[in-house]
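Enquirer: this one's sequence-less:
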């Protein structure tokens with residue numbers, strides 16, 4: 001399960017693919033003590049020819065993750081994602097080089113990747129997106145973190161997000177988001193983070209439950225959450241049928257509600273917001289996002305639905 005990475009100060013750094021922060025204690029986005037004791041992940045640097053070298057164990061991790069993902073996504077990922085995955089034609093036995101991904105993205109939507117460290121500044125993240133460059137941390141999770149990792153690794157970035165960067169609406173949303181973030185204040189960025197979280201990272205698409213699919217990269221790069229997010233008895237049905245509410249809650253996308261919904265980065269999500277179709281991202285881009293951010297700031301956050309984090 002992919003998560004935004006290591007924001008222990010309020011806003012000094014962000015995960016490479018996302019911008020959620022922890023406004024005071026509203027969003028529980030700092031690492032637990034156990035996570036802090038783990039060996040940190042470090043991105044690989046390219047050689048003089050731009051080639052990034054990975055170990056056999058790292059290639060084996062890629063192979064294992066991709067094989068497991070291939071079993072789970074056909075009936076869970078949205079059609080546009082599966083089409084983008086076909087276009088990328090990712091290697092199954094080794095981690096791809098970023099220039100191979102760039103060739104496909106450039107030919108479809110004009111995007112490219114950018115190799116970055118595990119953490120980058122707010123400014124760099126937004127600037128990259130605004131310039132149609134998607135940041136990719138060049139490390140891959142260890143086997144003990146196969147199902148859960150807070151740091152966004154190369155599998156999350158490439159397999160979770162890049163297939164949909166071949167889709168015009170998804171690409172336009174990311175570009176607009178970057179431009180908005182560049183000019184936003186610190187507090188506005190806290191609220192914008194929730195928009196990215198509940199769309200690009202953990203969004204669902206399809207207004208009918210039987211046709212609902214995943215487009216959020218945080219779900220699609222997580223073997224366990226890919227299964228969980230589309231549990232066929234989501235909370236909207238379990239309530240009506242008096243079933244135990246252990247399944248995720250699916251909510252229709254509402255921009256203001258999304259901006260006011262807190263989340264935790266260190267657990268599977270209890271709430272997913274659902275858009276009608278992927279082109280709905282165009283509608284969001286064309287709406288008054290910053291006006292909604294200002295309104296959300298005045299109203300404040302909803303009460304959390306997740307348990308309080310213990311230190």
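Expert: Structure's in. What do you need? Since the model is a prediction, treat every value here as computed from it, not as a measurement.
Enquirer: For the rest of this, base every contact and every neighbour count on C-alpha atoms.
Expert: Will do.
Enquirer: Show me what counts as buried in stretch 294-309.
Expert: Neighbour counts over stretch 294-309 (16 or more other Cα atoms under 10 Å) mark 294, 296-297, 301 as buried.
Enquirer: from these, which single one is nearest residue 139?
Expert: The shortest separation between residue 139 and any of the buried residues of stretch 294-309 is 34.2 Å, and it belongs to residue 301 (by Cα to Cα).
Enquirer: got a pLDDT number for that closest one?
Expert: As summarised for this prediction, residue 301 has a pLDDT of 97.
Enquirer: cool, residue 146 as well?
Expert: 87.
Enquirer: how near is it to residue 227?
Expert: For residue 146, the distance to residue 227 under the criterion Cα to Cα, to the nearest Å works out to 15 Å.
Enquirer: my read: residue 199 touches residue 278, true?
Expert: No. Residue 199 sits out of contact with residue 278 when judged by Cα atoms under 8 Å, with a separation of 10.2 Å.
Enquirer: in this protein, what spans have low per-residue confidence?
Expert: Of all residues in the chain, those with pLDDT under 70 make up the ranges 1-37, 232-246, 310-311.
Enquirer: can you give me the strands for it?
Expert: In the chain, the segments counted as strands under DSSP state E are 14-15, 112-116, 119-120, 133-137, 204-205, 213-214, 249-252, 271-275.
Enquirer: Can I get the ones you listed in JSON lines including mean neighbour count and distance to residue 103?
Expert: Shown next, in JSON lines, are these (neighbours: other Cα atoms under 10 Å; distance: least, Cα to Cα, whole Å):
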{"stretch": "strand 14-15", "mean neighbour count": "26", "distance to residue 103": "25"}
{"stretch": "strand 112-116", "mean neighbour count": "21", "distance to residue 103": "8"}
{"stretch": "strand 119-120", "mean neighbour count": "20", "distance to residue 103": "24"}
{"stretch": "strand 133-137", "mean neighbour count": "26", "distance to residue 103": "13"}
{"stretch": "strand 204-205", "mean neighbour count": "28", "distance to residue 103": "27"}
{"stretch": "strand 213-214", "mean neighbour count": "26", "distance to residue 103": "25"}
{"stretch": "strand 249-252", "mean neighbour count": "19", "distance to residue 103": "35"}
{"stretch": "strand 271-275", "mean neighbour count": "23", "distance to residue 103": "29"}
